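Asks: compute the structure for the input listed below.
(2 chains)
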Amino acid sequence: MTIHNVEIAEKFTRLANLLEIEGANPFRVRAYRNAARVISGITKNVSDLLAQGMDLTELPGIGDDLAEKIKTIVNTGELPILQQIEARTPAVLNELMKIEGLGPKRVQKLYKKLKIHNLKDLEQALAKGKVRKLAGFGEKTEKNIQSSMQHIREYSQRIKLADAFSIANRLVHYLKLLPEAKQVECAGSFRRRRETVGDLDILISANNNEKVINHFLHYNEIATINSQGSTRSAVRLHSGIQVDLRVVPEESYGAALIYFTGSKDHNIAIRKIGIKKKFKINEYGMFKGKKQIAGKSEEEMYHKIGLAYIEPEMREDRGEIELAKKNQLPKLITLADIRGDLHCHTNLTDGTASLETMAAAAELLGYEYIAITDHTQHLAMVHGVNKKSLLAQIKAIDKLNAQLKKLIVLKSCEVDILEDGSLDLPDEVLKELDLTVCSIHSKFNLSAKKQTERVIRAMDNPYFTILGHPSGRLINERKAYQINFEKIIHAAQERHCFLELNAQPDRLDLDDAHCQLAKELGVKLAISTDAHSPEGFAFMQFGIYQARRGWLTAEDVINTRSLAELRKLIKRK
DNA sequence: GCCGTTTTCGGCCCGACTGTTTTCAGTCG
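Replies: From the prediction side, this is the model:
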């Protein structure tokens, strides 16, 4: 049995929560939390690394003790200290920590005084009015707990980045209407472009706080106001998302932007560098004694502590700070680098627009090329193409290309990878195409071994070009299928194939960590929208964000190339 | 529990807001 990194991380997180509830040394708790984060941030399997003889104490925040505990988990699947603690403190207390306003101290009190073990117990105690009678609790706390529980029941998930975009942009636009608001930005995980967003953190620089906060509180999408002070306020919108607003003076804007963009771990790391240089860093700026020496802009803050400017998408404390020290940060890809889209559908299968309409839309975007990739016959549900209909489409594309002035339409299709790893159309048809996108659309539940072999066998076909949506996950809906990515990426590298970063907002597949792994192992990606309509081409921006989170440069992505270069690059050897 | 160009012991990021207090603990980001 292989133990996966997420399982190790989950054990440490559970241990940290329970220790905290028991009132353990907070720094010990932090050490376990940190270990969970470090482990889950490693793209390679820790059990494999151990088998290769790696010394885990080389990892940041992992000392002799934690290295030993990780080994124990890998070898036995168990963490004895966690079992001991769970024997005396119920594991389900973890659930209670998710409620807003309940931290370790209050959870401990609920458990010890009222024998509350889980959400159900809590609900009953609340109904009987027991909670408000506890010392430190009161009527308002009781109400807050009830409303947070209600919210958890209704919206347990973080929302997708694309959904957050429309909500955030509308709010930012509203806030900018006020002349007193000098600079307005949505910070937090939104600005780091994480694939899902928990809440929105809005930062404003102004010299009239009262007016700004008042304006904010009159936004017509606000459902409830949770807190309001002279520099910050928190509300919940009708859409269910929480918004935290913070107002700072202009001379602090850069410092505050770093602080509120996070991640928390990135901030802790840069504050530590500040401390070494005898500076104090907070959201108001950088201080030497009482004197402010930086704070107006992010660039100034980073430079003052000897770091190159770090793009928000990289601020996860995954090694970016070390690179910034050496001025070796990658130049991240931008939307402007993209010259074409290699995955889109027409109304021949499940798209909504004709070949001609899709081509015209791509031409308007200034693209040099697109690949038309309709589904193949195995996907009968959408009338996937067979040999005959694909050959007809090829003819239509030839005809269209003769008329188009700026764009070239590449002949392609999204070929189903069948269960045995064969492709859904015969080679004699595939050889007529410029490239293929090969994807799994069936048999998601194979074992990791079988699924991996299936894909690698497909790559053995000389007409395989790009592996489409490689993990098959749908964010918040469907988990990735079991597959060994390291093996897949190695196989792609050996066979001169490519992986897709599918830019559909509910896919964003590959994820950031696997983008990084592909780059490390020398495999290039195609960032493609999988557009099913002309509007679908606009999803490219979300693919770019994910790519930036995976540290990709224009060099790492094949559809940043001119058509001639692309043709050379995708030619199988 | 981790870690060291002030350290192998004694630190570990830091400030705002709420609610329950009557000066501050708890929580959050």
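Asks: which residues are in contact with A:Gly136?
Replies: By CB atoms under 8 Å, 6 or more residues apart in numbering, the contact list for A:Gly136 reads A:Arg106, A:Lys109. Placement of C-beta: from N, CA and C, glycine included.
Asks: phi, psi of it?
Replies: Per-residue torsions, A:Gly136: phi 90, psi -20 (degrees, to the nearest 10).
Asks: ok, for whichever residue of chain A sits closest to DNA strand B, nearest residue in space, not its chain neighbours?
Replies: Closest contact between chain A and DNA strand B, by CB to the nearest atom of the strand, is at A:Gly138 (1.9 Å). Nearest residue to A:Gly138, sequence neighbours excluded (CB to CB, 6 or more residues apart in numbering): A:Arg132, at 5.8 Å.
Asks: what of A:Arg318?
Replies: A:Arg318's closest residue in space is A:Gly41 (CB to CB, 6+ apart), at 5.6 Å.
Asks: the one you found - how many residues pack around it?
Replies: A:Gly41 is flanked by 18 other residues according to other CB atoms under 10 Å.
Asks: swap in A:Ala255?
Replies: 25.
Asks: would you confirm that it contacts A:Lys280?
Replies: No. The pair A:Ala255 / A:Lys280 is not scored as a contact, 10.9 Å apart, by CB atoms under 8 Å.
Asks: identify the contacts common to these two.
Replies: Among the neighbours of A:Ala255, those also in contact with A:Lys280 (CB under 8 Å, 6+ apart) are A:Met286.
Asks: circling back: enumerate every residue touching the residue nearest to A:Gly138.
Replies: Residues near A:Arg132 by CB under 8 Å, 6+ apart: A:Gly138, A:Glu139, A:Thr141, A:Glu142.
Asks: ok but it is inside a helix, no?
Replies: Yes. Counting by DSSP: H, G, I helix; E, B strand; the rest coil, A:Arg132 is located in a helix.
Asks: how close does it get to A:Ala353?
Replies: For A:Arg132, the distance to A:Ala353 (CB to CB, to the nearest Å) stands at 59 Å.
Asks: ok, now A:Arg315?
Replies: For A:Arg315 relative to A:Ala353 (CB to CB), the value is 39 Å.
Asks: more crowded one of the two?
Replies: A:Arg315 (23 against 20).
Asks: can you report phi and psi for the more buried one?
Replies: Dihedral angles for A:Arg315 - degrees, to the nearest 10 - are phi -80, psi 70.
Asks: from A:Glu300, how far off is it?
Replies: Shown here: A:Arg315 relative to A:Glu300, a distance of 16 Å by CB to CB.
Asks: now do A:Ile167
Replies: For A:Ile167 relative to A:Glu300 (CB to CB), the value is 31 Å.
Asks: neighbour-wise, which of the two wins?
Replies: Shown here are A:Ile167 and A:Glu300; by other CB under 10 Å, A:Ile167 has more neighbours (21 against 16).
Asks: wait, the more buried one sits on A:Leu200?
Replies: Yes. Judged on CB under 8 Å, A:Ile167 makes contact with A:Leu200 at a distance of 7.0 Å.
Asks: shared neighbours of these two, anything?
Replies: Joint contacts of A:Ile167 and A:Leu200 (CB under 8 Å, 6+ apart) are A:Ile241.
Asks: flag the shaky bits of the stretch 151-300 of chain A, pLDDT-wise.
Replies: Filtered on pLDDT under 70, the stretch 151-300 of chain A yields the residue ranges A:155-157.
Asks: and A:Leu245, what helix or strand is that in?
Replies: Taking DSSP states H and E as the definition, A:Leu245 sits inside strand A:242-248.
Asks: who are the packing partners of that strand?
Replies: Applying 3 or more CB pairs under 8 Å, 6 or more residues apart in numbering; DSSP states H and E, one finds that strand A:242-248 contacts strand A:199-206, helix A:209-217, strand A:232-237, helix A:253-261.
Asks: same thing but 6 Å
Replies: strand A:199-206, helix A:209-217, strand A:232-237 (3 or more CB pairs under 6 Å, 6 or more residues apart in numbering; DSSP states H and E).
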